[in-house]
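*Asks:* Sharing a sequence plus its predicted fold:
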Amino acid sequence: DALATYQEVRTIQQRVLGADHVHTMMTTMNVAITLSRQSKHQESEVLLRELLEVQQRVLGAEHPDTLGTSYTLCVVLEDQQKFGEAVARCREVLAVRRRVLGAE
């Protein structure tokens, strides 16, 4: 099962590399996406919020990976019908992307 494998890898990476390591962050994203695809949206949301905190601290709020995680959180919030928060977060992501990457 993919979820179990990702979770096992993530546990090892956290222990060996630490939560702030880029590979641990990527695996955490894979776990969150897998949870969401299995309709475990609440678990995915919790993990994405934790990942965002790490990414903002380590990579910065305007890093493409941080923006990608924030957008993924938008989708997971929408899947849970948390439309107000989803729309507000997506607008924030779009504004930062436009400022950092340009309007096109």
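*Replies:* On my side now, so go ahead.

*Asks:* Tell me the buried residues in the helix or strand harbouring E43?
*Replies:* Using DSSP states H and E, E43 falls within helix 41-58. When neighbours are counted by 16 or more other Cβ atoms under 10 Å, the buried residues of helix 41-58 are found to be H41, E43, S44, E45, L47, L48, L51, L52, V54, Q55. For the C-beta atoms, the positions are set from N, CA and C on the backbone; glycine is no exception.

*Asks:* Show the subsequent helix or strand relative to it.
*Replies:* helix 64-79.

*Asks:* tell me what that following helix is packed against?
*Replies:* helix 22-37, helix 41-58, helix 83-101 (3 or more Cβ pairs under 8 Å, 6 or more residues apart in numbering; DSSP states H and E).

*Asks:* Present those as TSV; the columns should include mean pLDDT and distance to Y71.
*Replies:* Shown next, in TSV, are those (pLDDT from 0 to 100; distance: least, Cβ to Cβ, whole Å):
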stretch	mean pLDDT	distance to Y71
helix 22-37	97	11
helix 41-58	98	10
helix 83-101	93	5
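
*Asks:* Make CSV from the ones you listed and add distance to T66 to it.
*Replies:* Shown next, in CSV, are the helices and strands packed on helix 64-79 (distance: least, Cβ to Cβ, whole Å):
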stretch, distance to T66
helix 22-37, 10
helix 41-58, 4
helix 83-101, 9
